[in-house]
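In: Okay, predicted coordinates and the sequence, questions at the end:
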Amino acid sequence: MADIDLEKEFLDNRKRKKRAKILGIVSSVTLTAFVIISYLGYAIGQRIANTTTVTLLDQSEEVGLTQIGFRVPTQIATPDQDKYGLYPDTYRVQGDGFVYWTTTSVSSSTFRFIITHSGYSPSNSVSPATSGRFLKGDPIEIKKEPEVPGIYPLVPQTKQADQKEYVGFEVLFRVTRKQNDTTFTPVPAYGIYFSKDIQFYAEPELLESLRFSFESGLSSDIVSPGRIQPGITKVGGRLDLDNDGYYDTTLEGSRFSPSDPDGYKYEAAFGDFMTPLVESDWGDVVADDLPEDTTQPLSFYNAKTEAGVRPLIDYTPAEATFVPFSYYQVENPEGDPIALTDDKGIAEIKFTIWLEGWDKSAGDHLKDKTFGANLRFTASEIPA
């Protein structure tokens, strides 16, 4: 992705209290997606229906978002360009891959084509995954669901998820100032924000499990659409992936180190931890089952410890931070832009949507649920 070389000076001004006034009714971008979810144990599928669209509005305003583009990894054949209303970049946008622009209204078929052509889910379906540990500004790296424990107690999630298991797309916004009916000049150093009208629709626990991330030359962050306060997701610990009521374990006779004289059955330590685990983080073999947390329902994240197993007792999971949309809305005096336009008036953002497998709200109780999203973006001047 092409970097926007404007961020450092702006990010130093973290305590600003004022925003410049939006010029007129600034154009918005609308993305609507309806998703059907189907669960098979830990395998969760989400399907985006054929009504997905992207639309740019209000081109007639003095300053506004007047074009939308997509960056894709390989060239799009001429017949597909014609079919989906795409035309090659003429603004000499730098970066890997190829950029194609389109009109201010993007059809659902065009949007699905872009997602598939970019190597993401060809069926518009996603599986549970995780960002792993994350702080604002870190790269967004989606990692696959945990593997079944074998003979080693540590089961890290380090392998990248297949792009076909989640949804991603790289969007370019072009902000211009209208000079006359035929002339539009680029507007640099303009901020792109989430609009206050942005909406996700679903029952609360489903919205809490979803993650929507952005990456630009300015910053990166993860949004939890179902929350109005920032928080953390613990991305390591014990899991009951086979849903038998007990935390998953290694095979009999497993050894933490090949040189250990004795083998045991260990509770598996999935994911990532703040400090590396050592053998003493597991307790002695328990003679009887240890009960689950009875204040919480049984789930992937709350189960019993099986008799004859060494329980994991001393650990601190790594964390992934998330924020609500309000952190990136211009109406918030402390709100940050998600991207800034360059000297060509162009801001580029990569978006990713997945179901966070470590979110405690995720589970089989969400089977066959649906959600919708109405994503709106707003442009605004940045204070000097």
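Out: That came through, no problem.
In: Tell me where the stretch 201-350 of the chain has strands.
Out: 210-216, 220-223, 231-234, 236-237, 269-271, 319-322, 339-340, 346-356 (DSSP state E, counting those that start in this stretch).
In: Which among the ones you listed is found nearest to Ser380?
Out: strand 339-340 (10.6 Å; Cβ to Cβ). Yep, even glycine has a C-beta here, placed from its N, CA and C like the rest.
In: what helices or strands is that closest one leaning on?
Out: strand 190-194, strand 210-216, strand 346-356 (3 or more Cβ pairs under 8 Å, 6 or more residues apart in numbering; DSSP states H and E).
In: What pairs with it, parallel or antiparallel?
Out: strand 190-194 (antiparallel) (DSSP bridges).
In: Pull out the buried residues from the strand it pairs with.
Out: 190-194 (16 or more other Cβ atoms under 10 Å).
In: next one: stretch 170-188
Out: Quick answer for stretch 170-188 (16+ other Cβ under 10 Å): 170-178, 184, 186-187.
In: can I get the CA coordinates of it in PDB?
Out: Output of stretch 170-188 as PDB, limited to C-alpha atoms (Å, rounded to 0.1, in the frame of the first residue of the first chain):
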ATOM      1  CA  GLU A 170      -8.200  -1.500  -0.300                       C
ATOM      2  CA  VAL A 171     -10.100   1.700  -1.100                       C
ATOM      3  CA  LEU A 172      -8.900   5.000  -2.400                       C
ATOM      4  CA  PHE A 173     -10.800   8.200  -1.700                       C
ATOM      5  CA  ARG A 174     -10.200  11.300  -3.900                       C
ATOM      6  CA  VAL A 175     -11.100  14.600  -2.300                       C
ATOM      7  CA  THR A 176     -11.400  17.600  -4.700                       C
ATOM      8  CA  ARG A 177     -12.600  21.200  -4.800                       C
ATOM      9  CA  LYS A 178     -15.000  22.000  -7.500                       C
ATOM     10  CA  GLN A 179     -13.800  24.900  -9.700                       C
ATOM     11  CA  ASN A 180     -16.600  24.700 -12.200                       C
ATOM     12  CA  ASP A 181     -18.800  22.000 -13.800                       C
ATOM     13  CA  THR A 182     -15.900  20.300 -15.500                       C
ATOM     14  CA  THR A 183     -12.900  21.200 -13.300                       C
ATOM     15  CA  PHE A 184     -12.000  19.600  -9.900                       C
ATOM     16  CA  THR A 185      -8.700  20.300  -8.200                       C
ATOM     17  CA  PRO A 186      -7.200  17.900  -5.600                       C
ATOM     18  CA  VAL A 187      -7.300  18.900  -1.900                       C
ATOM     19  CA  PRO A 188      -4.300  17.700   0.100                       C
END
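In: Distance from it to the middle of the chain?
Out: Centroid separation for stretch 170-188 versus its chain: 28 Å, with Cα atoms, centre = their mean, to the nearest Å.
In: wait, Lys143 sits on Pro156?
Out: No. Taking Cβ atoms under 8 Å as the definition, Lys143 is not a contact partner of Pro156, at 9.1 Å.
In: quick one: which of those two has more around it?
Out: Per other Cβ atoms under 10 Å, whichever of Lys143 and Pro156 has more neighbours is Lys143, with 19 against 16.
In: Can you classify the residue nearest to that one when sequence neighbours are not counted by secondary structure?
Out: Nearest non-adjacent residue to Lys143, counting by Cβ to Cβ, 6 or more residues apart in numbering: Gln157, 4.6 Å away. Under the three-state scheme (DSSP: H, G, I helix; E, B strand; the rest coil), Gln157 adopts coil.
In: burial count for Gln157?
Out: Applying other Cβ under 10 Å, I find that Gln157 has 22 neighbouring residues.
In: Show the contacting residues for it.
Out: Contacts for Gln157 (Cβ atoms under 8 Å, 6 or more residues apart in numbering) come out as 130, 132, 143-146, 235, 270-272.
In: how does the chain divide into domains?
Out: Taking automatic domain parsing as the reference, the chain has its domains at 7-14+25-127+166-230+325-381, 146-159+236-317.
In: Farthest-apart pair in the buried residues of stretch 170-188, please.
Out: The farthest-apart pair in these, when distances are taken by Cβ to Cβ, is Glu170 and Lys178, at 26.3 Å.
In: What is the nearest of the buried residues of stretch 170-188 to Lys164?
Out: The nearest one, if we look at those relative to Lys164 and count by Cβ to Cβ, is Glu170, at 16.5 Å.
In: thinking again about what came up before, next step: the buried residues of stretch 170-188 restricted to strands.
Out: 170-178, 184, 186 (DSSP state E).
In: any chance of those in TSV, with distance to Asp244 and pLDDT too?
Out: Putting those into TSV (distance: Cβ to Cβ, whole Å; pLDDT from 0 to 100) gives the following:
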residue	distance to Asp244	pLDDT
Glu170	42	95
Val171	43	92
Leu172	48	93
Phe173	49	90
Arg174	54	90
Val175	55	87
Thr176	59	88
Arg177	63	85
Lys178	64	80
Phe184	62	83
Pro186	59	91
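In: Of the residues you listed, which is the nearest to Leu375?
Out: Val171 (10.3 Å).
In: Distance of that closest one relative to Thr102?
Out: Val171 sits 11 Å away from Thr102, going by Cβ to Cβ, to the nearest Å.
In: same check, this time on Thr116
Out: In terms of Cβ to Cβ, Thr116 sits 16 Å off from Thr102.
In: can you check Pro128 too?
Out: Counting by Cβ to Cβ - Pro128 and Thr102 are separated by 32 Å.
In: List the contacts of the closest residue to Tyr91 other than its chain neighbours.
Out: In space, Tyr91 comes closest to Lys344 once its chain neighbours are excluded; the distance is 5.3 Å by Cβ to Cβ, 6+ apart. Going by Cβ under 8 Å, 6+ apart, Lys344 touches 91-93, 174, 186, 188.
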